[in-house]
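> Give me a 3D structure for the following:
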Amino acid sequence: MRTHFFDKKSKDSTNHPWVALLGNPNCGKTAIFNILSGLSQKVSNYPGITVEKKIGTVKFGKKSFNILDLPGTYSLSAESFDEQIVSDQVQNWAKGENPPAAIISVVDASNLSRNLYLTSQLLDLDIPVVVALNMIDRIDSQAQIDQNSLKTQLSVAAVVSLSAKLNQGLDDLKEAIVTVINSEEKTNHQSNWISLPVQNELKPFIDQQFVSSKFGVAHALRLVSRNINHNGNAAQVDSIRNSISNLGFNPQTLEATLRYRWIDEIVKSVQSRAKTSIRTISRSEQWDKILTHRWFGPIIFVTVLYFIFQSIFTWATIPMDWIQTGIDWVSAFVLKNMFPGMLRDVLVEGIIGGVGAIVIFLPQILILSFFLTIMEDTGYMARVAFMLDKSMTKMGLHGKSILPLMSGYACAIPGIMSTRTIDSWKERLITILILPLMSCSARLPVYTLLISAFIPPITLSGYLNLQGLTLVVMYFLGTATALILAKVFSKFIKEKTSSSFVLELPPYHVPIPRSVLRHVLIRGKLFLINAGKIIMAISIVLWFLASFPKVDQSITDVNPIHYSYAGKIGHAIEPVIRPLGFDWKIGIGLLTSFAAREVMVSTMATIYNVEATGDNIVNLREAMRSDVDVKTGMPVYTPLVALALMVFYVFAAQCMATFAIVRQETNSWKWPLFMIAYLTILAYLGALFVYQGGLLLGFS
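Residues are numbered from 1 along each chain as shown. Purely as a prediction, here's the structure:
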């Protein structure tokens with residue numbers, strides 16, 4: 001058997017056979033994918049949508065095969081956009097459209113019955129299935145699973161016990177897959193989970209499915225069980241439902257009833273358990289009593305967030321100093337070894353000054369990504385969603401909105417993409433509309449630059465660091481505003497249908513260090529590459545705008561940058577932003593950061609380097625502290641101006657990539673344009689309130 005990877009015309013095509021990786025959410029499927037594929041992953045999107053498609057290459061001996069990690073799903077009866085992708089893919093395979101050489105069905109061994117439900121649906125495809133019993137290390141010694149018996153009763157190609165956490169059994173899984181790929185033996189699973197009377201009632205539907213007979217039975221059953229489009233056969237479906245009711249079954253739960261009846265019999269025969277009537281409380285349940293407590297839970301969550309933001313400052317200080325030293329050395333080396341001229345100027349003042357100013361903040365990005373990954377991998381993020389579901393519902397959101405909103409702290413784009421798990425269009429749209437208010441990692445360089453430069457590092461009440469507290473306030477301001485606006489939007493966006501919230505609380509896991517490290521490194525790589533390309537291009541263009549036209553300094557005492565193209569643009573928009581306390585340089589930063597928020601930092605670095613008269617690259621924080629308005633002689637930056645600028649960036653709409661994704665997700669320009677408008681107005685009014693209010697209170 002040899003099935004090539006995707007369509008021959010697809011850019012994802014290779015000469016290797018490919019396998020599909022499927023499983024329930026929280027079964028460790030992606031951890032297995034990460035270990036199997038290593039750094040050979042390729043992340044793209046499914047055609048026409050923005051749900052990630054993860055593809056990897058696995059090598060075992062002289063054999064290689066590709067692996068596709070599909071979104072997690074509990075069954076092929078889709079309840080969300082992610083699950084619909086899996087359902088559509090499986091139906092295409094059943095019709096013979098480029099099926100995989102094999103399917104890896106990842107099963108949480110500690111929750112065998114529930115996980116085998118999806119496996120039972122995959123068996124109907126007549127595609128070889130390898131069952132990967134993950135988390136085998138968490139099974140009680142008195143609840144062992146008879147793998148051989150399970151393999152026989154399921155009629156699968158192989159059953160492999162493994163632990164992604166302990167990196168055990170992965171080679172056995174690779175060997176099983178290679179054996180299946182090389183085998184010419186056909187799969188012959190018997191659909192004995194469907195009783196004969198039910199099959200007879202479904203027979204009129206089966207011939208219309210144009211798929212394998214076994215999948216036709218299952219698919220027909222699924223159509224009858226659910227209130228979905230039946231291609232104009234509504235009368236026929238109603239007749240079949242009545243007949244099934246006469247057999248003593250509920251048509252709406254028929255598939256689940258029949259499958260679980262069959263699965264429970266298998267589990268009883270393959271899994272040994274101690275004979276006891278006493279149910280002990282698991283360690284996860286003991287932790288949940290504290291971490292999801294009505295009062296203690298939110299307090300613990302806020303404490304965790306404060307610790308994270310405080311760590312961003314304290315832990316990143318030393319590596320940031322190292323990076324700054326390295327940038328200074330590179331700048332000095334270029335100045336010493338290159339002849340003076342335009343090339344040296346653009347290299348030092350534009351590229352090194354601009355890109356270097358943002359690279360300094362890489363340690364903070366990595367620290368934030370590290371903590372978010374830990375929260376997700378341990379299972380704590382799911383507890384946060386459960387804990388805040390009631391509050392989210394009151395604000396017009398969905399419990400599933402929590403995970404996209406939390407993802408927004410890293411980047412709004414994957415957060416918006418992950419809203420596809422929200423069933424309700426109204427709640428999904430509201431989540432998308434407020435997601436840019438969650439302070440993403442691109443804002444972090446702006447916050448930390450201004451806080452470190454203008455907020456004194458004093459300690460309040462003996463343990464509250466003012467700089468860390470200021471950062472917490474910025475994140476809280478964006479989050480609180482997002483929730484308030486969600487309530488407002490829910491009053492105007494209407495939807496006829498209501499939605500429910502079903503969330504699995506996975507047992508707590510000790511994160512796999514390799515997986516965490518890989519995720520953090522990938523996030524850092526994306527930050528450097530994606531942001532770096534934009535920043536380098538803008539830094540070069542901005543250097544040109546700030547350096548030309550040249551002015552004879554002998555006829556004026558004013559710095560030539562004021563007569564440059566950038567200076568003219570900045571002075572033109574200065575009257576609009578002057579009420580916010582911003583000068584023309586900040587105005588240029590606001591304009592360029594529409595490409596990406598972090599560009600604000602590199603823009604200021606480029607401007608100050610061009611403005612400087614010496615050969616050495618400037619320290620941005622010191623340059624901002626010492627900057628003086630040539631007209632008034634007053635400092636350009638004060639703590640009040642810095643605070644107003646941070647508030648502006650809490651609400652600002654600067655991120656064109658985000659709005660491009662919103663356009664793609666909503667299939668309309670109306671919503672991204674609405675977002676740009678309301679966020680820009682909110683940012684301006686917020687900064688205006690802070691600056692003018694501060695002046696009235698006597699601050700400067």
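> Which helix or strand contains Asp114?
Careful, residue 114 is Arg; it's not Asp. Using DSSP states H and E, Arg114 sits within helix 112-122.
> Following the chain onward from that helix, which element is next?
strand 129-134.
> and the helix or strand following that next one with strand 129-134, angle?
The helix or strand immediately downstream of strand 129-134 is helix 147-154, counting by DSSP H and E. Using axes from the mean of the first three to the mean of the last three C-alpha atoms, to 10 degrees, the inter-axis angle of helix 147-154 relative to strand 129-134 is 140 degrees.
> Show me what the mean pLDDT comes to for the helix holding Arg114.
Mean pLDDT, helix 112-122: 92.
> Touching that helix from outside, list them.
In this structure, residues lying in contact with helix 112-122 by C-beta atoms under 8 Å, 6 or more residues apart in numbering are 22-24, 27, 73-76, 90, 103, 105-108, 129, 131, 145, 154, 156, 193, 218, 256, 259-260, 262-264, 266-267, 271. Yep, even glycine has a C-beta here, placed from its N, CA and C like the rest.
> Now the buried members of the residues you listed.
22-24, 27, 73-76, 90, 103, 105-108, 129, 131, 145, 154, 156, 193, 218, 259-260, 262-263, 266-267, 271 (16 or more other C-beta atoms under 10 Å).
> Just the ones of the residues you listed in strands?
22-23, 103, 105-108, 129, 131 (DSSP state E).
> ok, so of the residues you listed, who is nearest Glu83?
Within those, the smallest distance to Glu83 is 11.1 Å, found for Leu22 (C-beta to C-beta).
> buried ones in stretch 603-621?
Neighbour-count burial for stretch 603-621 [16+ other C-beta under 10 Å]: 603-612, 617-618, 620.
> Turn those into JSON lines, including distance to Leu347, pLDDT and secondary structure.
Output for the buried residues of stretch 603-621, formatted as JSON lines (distance: C-beta to C-beta, whole Å; pLDDT from 0 to 100; DSSP: H, G, I helix; E, B strand; the rest coil):
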{"residue": "Thr603", "distance to Leu347": "17", "pLDDT": "87", "secondary structure": "helix"}
{"residue": "Met604", "distance to Leu347": "19", "pLDDT": "90", "secondary structure": "helix"}
{"residue": "Ala605", "distance to Leu347": "14", "pLDDT": "88", "secondary structure": "helix"}
{"residue": "Thr606", "distance to Leu347": "12", "pLDDT": "87", "secondary structure": "helix"}
{"residue": "Ile607", "distance to Leu347": "16", "pLDDT": "88", "secondary structure": "helix"}
{"residue": "Tyr608", "distance to Leu347": "16", "pLDDT": "87", "secondary structure": "helix"}
{"residue": "Asn609", "distance to Leu347": "11", "pLDDT": "84", "secondary structure": "helix"}
{"residue": "Val610", "distance to Leu347": "13", "pLDDT": "79", "secondary structure": "helix"}
{"residue": "Glu611", "distance to Leu347": "17", "pLDDT": "77", "secondary structure": "helix"}
{"residue": "Ala612", "distance to Leu347": "15", "pLDDT": "70", "secondary structure": "coil"}
{"residue": "Ile617", "distance to Leu347": "11", "pLDDT": "65", "secondary structure": "coil"}
{"residue": "Val618", "distance to Leu347": "15", "pLDDT": "73", "secondary structure": "coil"}
{"residue": "Leu620", "distance to Leu347": "18", "pLDDT": "87", "secondary structure": "helix"}
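> Turn these into a markdown table, columns for distance to Pro99.
A markdown table is the format used below for those (distance: C-beta to C-beta, whole Å):
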| residue | distance to Pro99 |
| --- | --- |
| Thr603 | 51 |
| Met604 | 55 |
| Ala605 | 53 |
| Thr606 | 54 |
| Ile607 | 57 |
| Tyr608 | 59 |
| Asn609 | 58 |
| Val610 | 59 |
| Glu611 | 63 |
| Ala612 | 63 |
| Ile617 | 58 |
| Val618 | 61 |
| Leu620 | 56 |
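> Of those, just say which sits nearest to Gly581.
Met604 (15.3 Å).
> residues touching the closest one, list them.
Met604 sits in contact with 357, 585-586, 589, 620, 624, where contact means C-beta under 8 Å, 6+ apart.
> now, the most widely separated pair of those residues?
Taking C-beta to C-beta, no two of the contacts of Met604 sit farther apart than Ala357 and Ile586, at 15.1 Å.
> out of these two, which sits in the busier spot?
The neighbour comparison of Ala357 against Ile586 (other C-beta atoms under 10 Å) goes to Ala357, with 29 against 26.
> Go through the host helix or strand of that one and flag the buried ones.
Element membership of Ala357, judged by DSSP H and E, is helix 353-359. Within helix 353-359, the residues that count as buried by 16+ other C-beta under 10 Å are 353-359.
> Then stretch 519-528?
Applying 16+ other C-beta under 10 Å to stretch 519-528 flags 519-520, 523-524, 527-528 as buried.
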